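Peer 1: any chance you could fold what I've pasted below:
(chains A and B)
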Amino acid sequence: MVFDRSERPRIPTAIKILIAGGFGAGKTTMVGAVSETRPLRTEEVLTDRGVGIDDLTAVEAKRTTTVAMDFGRITLSDEYVLYLFGTPGQERFWFVWDELAEGSLGAVILADTRRLADCFPSVDYFERRGTPFVVAVNCFEGSSTFELDEVRLALQLNPSIPIIMCDARKRDSSREVLIALVKHSARLRAEPVSS
Amino acid sequence: MNGPDEPGEDHWIDPEIIRPYVVTRGRTRPAHGRFDLISMALAVGPPPGPEAGLDPEHLRILRLCREPKSVAEIAAHLNLPAGTIRVLLGDLFDRELVSAQEPQSEVDMRDMKMYRAVLDGLRSL
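Peer 2: Below is the predicted model of the structure:
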């Protein structure tokens, strides 16, 4: 029809959600369950430019470190694309978390009831940073079914933070977790909480 | 794994470490733009000819970006670190061969319209 400069195809805006939790909690499984392709992996090569400071220098001086992140894509509409990033597990990569958390819609913290303590660092991190998050208790086969209230107590979660059971292998279940996070994030950010 | 005192370790160079720097001719930062991990890139205009002096990696990015792709996706498909992709995208951006879209910023996270669009998209999965 009419050709003008605005004929340029529209590029969707990307939004990201982080999937955090301890090693083996099912982060990549969840990313794969809801994404439109199998999880992809991206690597950031980091030199020792003042990064991770003490931890890195303690290991070995002047080294290149590669941090790998698994991620997936969900095309939401012509306007928005959602990316899910599994956060790198090791705590010496906090600085990568900062980059990932910046501008994120929020985070899902996957909890494995057999190793509940593994998600303490994630809870602390997102609380401190003020990033909206929900806790999803991944119910592995054979894992004892904790009462959600017990998990809330153990993690010392604020009552306003949603906590949900899920099966990270299942698309529907993982999708419900994401929906809970988006609602929670909208609630927090539409009405700024007076702290 | 080599031990730290392995003789000759100084002379041993992992090609996987070197390749990203060869591809960018040693550059570690893009000429222009910041390119977040989820900045979206789309190839624009007619495919460049040999006179454009582009490297094979540039051309691979242009092919990949016929549909909008994020820096992270390009990095995953080309099996190169995200930092390398940022440099190459900067070259293409300079030549007006790609256009880019910055991600939703922290400030825009108050936009209810965005939340509704995300919820609608997730529900229709």
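
Peer 1: what residue in chain B comes nearest to chain A?
Peer 2: B:G121 (2.9 Å; Cβ to the nearest Cβ). C-beta: built from backbone N, CA, C; applies to glycine.

Peer 1: what helix or strand does that residue sit in?
Peer 2: Assessed by DSSP states H and E, B:G121 sits inside helix B:112-123.

Peer 1: give the contact list for the nearest residue to the residue of chain B closest to chain A once chain neighbours are set aside.
Peer 2: Spatially, and ignoring its direct neighbours in sequence, B:G121 is nearest to A:L76 (2.9 Å; Cβ to Cβ, 6 or more residues apart in numbering or on different chains). By Cβ atoms under 8 Å, 6 or more residues apart in numbering or on different chains, A:L76 lies in contact with A:I15, A:L82, B:A117, B:V118, B:D120, B:G121, B:L122.

Peer 1: buried subset of those as a PyMOL selection?
Peer 2: Typed into PyMOL, the next command selects the buried ones out of those (criterion: 16 or more other Cβ atoms under 10 Å in any protein chain shown):
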select buried, (chain A and resi 15+82) or (chain B and resi 117+118+121+122)
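
Peer 1: quick one: low-confidence ranges for chain A?
Peer 2: Within chain A, the segments meeting pLDDT under 70 span A:1-9, A:45-65, A:89-92, A:141-146, A:190-195.

Peer 1: can you show me the helices along it?
Peer 2: For chain A, the helices defined by DSSP state H cover A:27-34, A:53-59, A:94-101, A:120-129, A:148-154, A:171-190.

Peer 1: of all those helices, which lies closest to B:E51?
Peer 2: Evaluated over the helices of chain A, closeness to B:E51 peaks at helix A:94-101, with 37.3 Å, by Cβ to Cβ.

Peer 1: which strands and helices lie in contact with that closest one?
Peer 2: Applying 3 or more Cβ pairs under 8 Å, 6 or more residues apart in numbering or on different chains; DSSP states H and E, one finds that helix A:94-101 contacts strand A:13-21, strand A:65-75, helix A:120-129.

Peer 1: winner for burial among the ones you listed?
Peer 2: Ranked by mean neighbour count, these are led by strand A:13-21 with a mean of 26 (mean count of other Cβ atoms under 10 Å in any protein chain shown).

Peer 1: who does that strand touch, helix- and strand-wise?
Peer 2: helix A:27-34, strand A:80-86, helix A:94-101, strand A:106-111, helix A:120-129.

Peer 1: can you give me the strands for chain B?
Peer 2: For chain B, applying DSSP state E gives strands covering B:40-43, B:69-70, B:98-101.

Peer 1: ok, the residue nearest to B:G121 to A:L153 distance?
Peer 2: Per Cβ to Cβ, to the nearest Å, A:L76 is found 35 Å from A:L153.

Peer 1: tell me the residue of chain A that sits nearest chain B?
Peer 2: Ranked by Cβ to the nearest Cβ, the top residue of chain A for proximity to chain B is A:L76, at 2.9 Å.

Peer 1: that residue and A:R169, how far apart?
Peer 2: Relative to A:R169, and taking Cβ to Cβ, A:L76 is found at 22 Å.

Peer 1: phi, psi for A:S160 please.
Peer 2: phi -80, psi -10 (degrees, to the nearest 10).
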